[in-house]
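[1] With the sequence up front, the predicted model follows.
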Amino acid sequence: MLNILKKAIAKIWAKRYVKSSEKFTRNAVSDQENLLKDLITNAENTKFGKEHYFGSICNIQDFQKKVPLADYEDLKNYIEEIKEGKKDILWPGQPEYFAKTSGTTSGSKYIPISKEGMPYQVDAARSALFFYIAQKDNADFVNGKMIFLQGSPELTDLHGIKTGRLSGIVAHHIPNYLQKNRLPSWETNTIEDWETKVDKIIAETEKENMTLISGIPPWLIMYFEKLTEKSGKKIKQIFPNLQLIVTGGVNYEPYREKMNSLLGGTVDIVQTFPASEGFFAYQNNYKEDGLLLLTNHGIFYEFVPQEDLGKKNPRRLTLGEIELHKDYALVITTNSGLWAYMIGDMIRFISKDPYKILVSGRTKHFTSAFGEHVIAYEVEEAMKKAILEYPAQVSEFHLAPQVNPENGLPYHEWFIEFEKEPENMEAFRQSLDLALRNKNTYYNDLITGNILQTLIISRLKKDSFLEYAKSQGKLGGQNKIPRLANNRDIADFFHRPDLNLIIK
């Protein structure tokens, strides 16, 4: 009886939420303009607000003139003051939390989360589930066990500011009605070593009625592979009631075939776009591509066209100015005190009614050694096309330029870890190259102009990407290996003769 009641309540809540959300999807542009005014007014008397003359800002144009684009390094001095216990620096008072992340150029980053910003992180995740329940008209998963992948929930104190990984912070805000269904245990979640942690998670979950599992695709694959190796069964045989996987952080498509093979049955997928800086979007229709941009969640958005990146005065477009199917660097201003902050993600809009996006890559993850500026979306779509033409299962891949080969013209080198190789590797290689040429005209011009030769595939042994992640101290959690690079740092690791990772 209780289970029936829980499902009924979840369906009522979901339908009410979806109905109420219609307003923010209709009024996105005006909501964004009003939100920026509110953010500026609230922060007018902060140190940042005074230094940037918030009191004289009347509109978006004023804001863009007075507040330059920033990255973490540009805000670091302000954040250091907050870490020392000072108040009213970027946002009134002190942050409620610091989300600690590992940066590649800045060392550890401390991303402030205010008491106003934190509820949106939790609300967005819940809302994604509400949309799914309302569309599916099914809430069976609420009565089973659920995994919410997270870093350690143990937080440290930094001058009164609780500090830890975002996923560990969110663990403290999971509603009480979900706590008893949640796995793994608190003790297991505090384990830092990722392989040890996964083994403990398997021990705690393999005999449970798992109905929802949340995590980024590489982690899910690692967890599922270990489960299948231990049991000899597909995941749907182990967890017959597994209904939903919630994932984010990277594009799911390149992992879909491998995941389907491991699952061995139908499981619905809902994709999300969360980050320490904010929760930006989620899939409001699990049957369609595209993530609904959250325009009423305390974040004002700007969009820098890809072709303007690196220019002295790049264009900063607002929601009403964007074009469909173009790539933009995402810029955010938040109610946690991040101002015109470039988070490093590239997105493209696929709809304006409502505003829906795809994550197309990272601003720092691209290959352009020859001026081609290939981005993640293009290589992922090319891989998807090649796999459709010449069936294969790909665990992971990475593209790096080879500028100075010993023989012949330069080329793109693709490092691919296959779970199942295509029957005709040469045909697969040609299909992959042609698909990328069709996606990127600059790359095509380099091939036809005889400046580059067609791509070369270096096949990697199983767990090669796992070995690389270990070598960098980035195994598990929300860590992701770049799909592309403009250098050969990762390529050189795979080519190390002492590791013998490349299949000859």
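    That came through fine.

[2] Tell me where the stretch 101-250 of the chain has helices.
    118-136, 166-170, 176-179, 186-189, 194-205, 217-231, 235-238 (DSSP state H, counting those that start in this stretch).

[3] can you list these in JSON lines and add distance to D445, mean neighbour count and mean pLDDT?
    All C-beta atoms are positioned from the backbone trio N, CA, C, and that covers glycine. JSON lines is the format used below for the helices of the stretch 101-250 of the chain (distance: least, C-beta to C-beta, whole Å; neighbours: other C-beta atoms under 10 Å; pLDDT from 0 to 100):
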{"stretch": "helix 118-136", "distance to D445": "41", "mean neighbour count": "20", "mean pLDDT": "93"}
{"stretch": "helix 166-170", "distance to D445": "42", "mean neighbour count": "23", "mean pLDDT": "87"}
{"stretch": "helix 176-179", "distance to D445": "53", "mean neighbour count": "10", "mean pLDDT": "69"}
{"stretch": "helix 186-189", "distance to D445": "50", "mean neighbour count": "15", "mean pLDDT": "89"}
{"stretch": "helix 194-205", "distance to D445": "43", "mean neighbour count": "17", "mean pLDDT": "90"}
{"stretch": "helix 217-231", "distance to D445": "33", "mean neighbour count": "19", "mean pLDDT": "89"}
{"stretch": "helix 235-238", "distance to D445": "44", "mean neighbour count": "18", "mean pLDDT": "97"}
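
[4] Make a markdown table from those and add distance to E381 to it.
    What follows is the helices of the stretch 101-250 of the chain, written out as a markdown table (distance: least, C-beta to C-beta, whole Å):
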| stretch | distance to E381 |
| --- | --- |
| helix 118-136 | 24 |
| helix 166-170 | 29 |
| helix 176-179 | 36 |
| helix 186-189 | 36 |
| helix 194-205 | 30 |
| helix 217-231 | 16 |
| helix 235-238 | 27 |
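
[5] L5: which of those helices is closest?
    helix 176-179 (11.4 Å; C-beta to C-beta).

[6] and E80, how many neighbours does it have?
    12 (other C-beta atoms under 10 Å).

[7] one step back: closest to L452 out of the helices of the stretch 101-250 of the chain?
    Going by C-beta to C-beta, the one of those nearest L452 is helix 217-231, 29.6 Å.

[8] could you say what helices and strands the closest one packs with?
    Where contact means 3 or more C-beta pairs under 8 Å, 6 or more residues apart in numbering; DSSP states H and E, helix 217-231 is packed against helix 194-205, helix 235-238, strand 244-248, helix 253-263.

[9] what's the shortest one in contact with?
    This means helix 235-238. 206, 224, 227-228, 231, 242, 262-267 (C-beta atoms under 8 Å, 6 or more residues apart in numbering).

[10] Can you name the two of those residues that sit furthest apart?
    Farthest pair in the contacts of helix 235-238 (C-beta to C-beta) is E206 and T266. Separation: 20.7 Å.

[11] ok so, going back, which one of the helices of the stretch 101-250 of the chain lies nearest to I456?
    helix 217-231 (24.4 Å).

[12] Return the member of the contacts of helix 235-238 nearest to K65.
    Of the contacts of helix 235-238, the one sitting nearest to K65 (C-beta to C-beta) turns out to be V267, at 49.3 Å.

[13] Would you confirm that Y443 belongs to a helix?
    Yes. Under DSSP: H, G, I helix; E, B strand; the rest coil, Y443 falls within a helix.

[14] give me the number of residues near it?
    25.

[15] List phi and psi for the residue lying closest to it once chain neighbours are set aside.
    The shortest distance from Y443 to any residue other than its chain neighbours is 4.4 Å, reached at E372 (C-beta to C-beta, 6 or more residues apart in numbering). Main-chain dihedrals, E372, degrees, to the nearest 10: phi -90, psi -20.

[16] how many other residues sit next to E372?
    Counted by other C-beta under 10 Å, the residues lying close to E372 total 23.

[17] so it touches R437, yeah?
    No. At 10.2 Å, E372 does not count as touching R437 under the criterion of C-beta atoms under 8 Å.

[18] Find the residues that touch each one of the two.
    By C-beta under 8 Å, 6+ apart, the residues touching both E372 and R437 are Y443.

[19] P274 bridge partners, please.
    Taking DSSP bridges as the rule, P274 bridges to F279.

[20] Just list what the host helix or strand of A435 packs against, helices and strands only.
    Secondary structure from DSSP states H and E places A435 in helix 425-439. In terms of contacts (3+ C-beta pairs under 8 Å, 6+ apart), helix 425-439 is packed against helix 376-389, helix 441-448, strand 456-459.

[21] Wait, H373 touches L446, no?
    No. Counting by C-beta under 8 Å, H373 stays clear of L446, with 11.3 Å between them.

[22] low-scoring stretches of this structure, by residue?
    1-2, 102-107, 149, 177-178, 476-479 (pLDDT under 70).

[23] Would you mind splitting it into its domains for me?
    Following the TED database, one finds the domains of the chain at 136-157+164-282, 366-495.

[24] would JSON lines of those domains with distance to E323 be doable?
    Output for the domains of the chain, formatted as JSON lines (distance: least, C-beta to C-beta, whole Å):
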{"stretch": "domain 136-157+164-282", "distance to E323": "18"}
{"stretch": "domain 366-495", "distance to E323": "16"}
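
[25] In the helix holding A435, which of the residues would be classed as buried?
    For helix 425-439, the neighbour count (16 or more other C-beta atoms under 10 Å) marks 428-437, 439 as buried.

[26] related to what we said a few turns ago, could you dump the contacts of helix 235-238 into JSON lines with distance to V403 added?
    Listed next are the contacts of helix 235-238 as JSON lines, based on distance: C-beta to C-beta, whole Å:
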{"residue": "E206", "distance to V403": "48"}
{"residue": "F224", "distance to V403": "38"}
{"residue": "L227", "distance to V403": "42"}
{"residue": "T228", "distance to V403": "41"}
{"residue": "S231", "distance to V403": "46"}
{"residue": "L242", "distance to V403": "46"}
{"residue": "L262", "distance to V403": "37"}
{"residue": "L263", "distance to V403": "41"}
{"residue": "G264", "distance to V403": "43"}
{"residue": "G265", "distance to V403": "46"}
{"residue": "T266", "distance to V403": "45"}
{"residue": "V267", "distance to V403": "43"}
